[in-house]
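*Asks:* A structural model of the following input is requested.
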Amino acid sequence: MNRVFPWLAAAVFHALAPSAALAQAAYPSKPVRLIVPTPAGGPSDAAARLIGQELAKSLGQPVVIDNKPGAGGALAARELMSAPADGHTLMWTLSSMSGLPLLQKASPYQSLAELTPVSLIGHFTYALFASPELPPRTAAEFVDHTRARPDALSYATGSLADYMATAKFLQATGTRAVRVPYRGGALLMPDLTAGRVHFNFGPLSSGLPLAKEGKLRVLAVLGAQRSPLAPDVPTLAEAGVATVSVPSWQALFGPPGMASAIAERLSRDVTAALASPDLRKQLERLALQLEGSTPAALAAAVVRDAQVWRSFVQEYDIPQE
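*Replies:* The predicted structure follows:
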């Protein structure tokens, strides 16, 4: 009897308790929806589509891009939070969405940590773009031009990260300008090239093609090093302007309560995708510095950046909208 009962107990346990392996094997059972908080055509959208195409191969299901721009990512986040937590709805997430609860009364979450972290994708290189309608041709000339005309120039923002970068720049240089918010970087570029707004801090890849056509000026890049995509463009420090830093990661998240087994599986798929030489080449053309991660590492980045945003809002006295 002593030998029978342990065997019987084990048999009953395995019959009644579904294994994690079987649960994972059933995922995904239908197409995966990837919500993107920016308009079609911008660098975040382009990167999301490339990752989505690669993930579709490993998942064995189509990955359908669903653009939900607006409100700094709040509209996309609201869609994600109302979706079933079965892994069939994910969100391409911008680091600036860590600042939503601090900057918007209508934020759908109190902390980005409420969502289920999957994996980092990478970090965008940011740049200072200026309308060709302005006379300055260097960052130093741009600072002098702006300082001599307080509140006469306007700056476009397509994300909260654009807002942070510009606010830091204005304070560091003792200049003032008027903010004009847009629902994404792709939407502000026509007004910037036409001179209806005067400058923007945004992902380098969003304006570089226009700069190569002479329709826009790239005055400097943020960060410690020049970008290999624009080796002739100096850093802000090289241009004699105070250095500005801003969190600029892109990542994948699932809805609150998504199973950790699904998040871990997706994280492994992202890591495998980023190892593809062809995909890496395409993403690096977007000035995206690649960095896959575990869900735990992404969760740590969220905690770290929440403090960055909290300090920014307090130091710069940014009002909640």
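
*Asks:* where are the low-confidence patches of the chain?
*Replies:* For the chain, applying pLDDT under 70 flags the ranges 1-25.

*Asks:* Tell me where the longest strand sits in it.
*Replies:* strand 116-124 (DSSP state E).

*Asks:* Just list what it packs against, helices and strands only.
*Replies:* For strand 116-124, the packing partners by 3 or more C-beta pairs under 8 Å, 6 or more residues apart in numbering; DSSP states H and E come out as helix 43-59, strand 249-254, helix 260-274, strand 288-290, helix 295-316. Every C-beta, even on glycine, is put in place using the N, C-alpha and C of the backbone.

*Asks:* Tell me who's in contact with I318.
*Replies:* 102-103, 167, 312 (C-beta atoms under 8 Å, 6 or more residues apart in numbering).

*Asks:* Then L188?
*Replies:* 156-158, 180, 182, 197, 200, 202.

*Asks:* ok so it is a helix residue?
*Replies:* Yes. Counting by DSSP: H, G, I helix; E, B strand; the rest coil, L188 is located in a helix.

*Asks:* who touches stretch 88-95?
*Replies:* With C-beta under 8 Å, 6+ apart, stretch 88-95 has contacts from 28-38, 44, 47-48, 51, 73, 76-77, 79-80, 83, 112, 115, 118, 159-161, 247-255, 266, 301, 305.

*Asks:* let me redo that: stretch 154-162
*Replies:* 38, 42, 72-73, 94-97, 99-100, 103, 126, 163, 166, 177-188, 191-192, 197-202, 206, 246-248.

*Asks:* Neighbour count and distance to G223 added to the contacts of I318, as CSV?
*Replies:* Below are those laid out as CSV (neighbours: other C-beta atoms under 10 Å; distance: C-beta to C-beta, whole Å):
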residue, neighbour count, distance to G223
L102, 17, 24
L103, 20, 24
A167, 21, 18
F312, 20, 18
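
*Asks:* The residue nearest to L298 when sequence neighbours are not counted and K57: what is the separation?
*Replies:* Using C-beta to C-beta, 6 or more residues apart in numbering and skipping residues adjacent in sequence, the residue nearest L298 is P117, 3.9 Å away. Look at P117 and K57: by C-beta to C-beta, to the nearest Å, they are 23 Å apart.

*Asks:* higher neighbour count, these two?
*Replies:* The neighbour comparison of P117 against K57 (other C-beta atoms under 10 Å) goes to P117, with 26 against 13.

*Asks:* Quick one: neighbours of D278, just the number.
*Replies:* Counted with other C-beta under 10 Å, D278 comes out at 9.

*Asks:* Confirm that it sits in a helix.
*Replies:* Yes. According to three-state DSSP, D278 belongs to a helix.

*Asks:* Can you say which of the contacts of stretch 154-162 are buried?
*Replies:* 38, 42, 72-73, 94-97, 99-100, 103, 126, 163, 166, 177, 180-188, 191-192, 197-202, 206, 246-248 (16 or more other C-beta atoms under 10 Å).

*Asks:* In strands only, show me those residues.
*Replies:* Going by DSSP E, the strands hold 94, 126, 180-181, 199-202 from those.

*Asks:* Just flag the most distant two among those.
*Replies:* Pairwise distances across those peak at 20.5 Å for L94 and F199 (criterion: C-beta to C-beta).

*Asks:* Next one: the closest residue to I262 other than its chain neighbours from A220, what distance?
*Replies:* With sequence-adjacent residues excluded and distances taken as C-beta to C-beta, 6+ apart, I262 is closest to G87, at 3.9 Å. As judged by C-beta to C-beta, G87 and A220 stand 41 Å apart.

*Asks:* and if you look at P69?
*Replies:* For P69, the distance to A220 - C-beta to C-beta - is 27 Å.

*Asks:* For the two, indicate the residue with more neighbours.
*Replies:* The neighbour count for P69 versus A220, taken as other C-beta under 10 Å, is higher for A220 (29 against 24).

*Asks:* any idea whether that one is helix, strand or coil?
*Replies:* What three-state DSSP gives for A220 is strand.

*Asks:* picking that back up, now find how far off-centre the longest strand of the chain is within its chain.
*Replies:* The chain centre lies 8 Å from the centre of strand 116-124; the measure is C-alpha atoms, centre = their mean, to the nearest Å.

*Asks:* Check stretch 92-106 too.
*Replies:* Between the mean C-alpha location of stretch 92-106 and the chain-wide mean there is a distance of 11 Å, by C-alpha atoms, centre = their mean.

*Asks:* ok, now stretch 266-278?
*Replies:* In terms of C-alpha atoms, centre = their mean, the centre of stretch 266-278 is set 18 Å apart from its chain centre.

*Asks:* Would you mind pulling the contact partners of it?
*Replies:* So stretch 266-278 is contacted by 51, 54-55, 58-59, 87, 90, 118-119, 121-122, 252, 254, 279-280, 283, 290, 292-295 (C-beta under 8 Å, 6+ apart).
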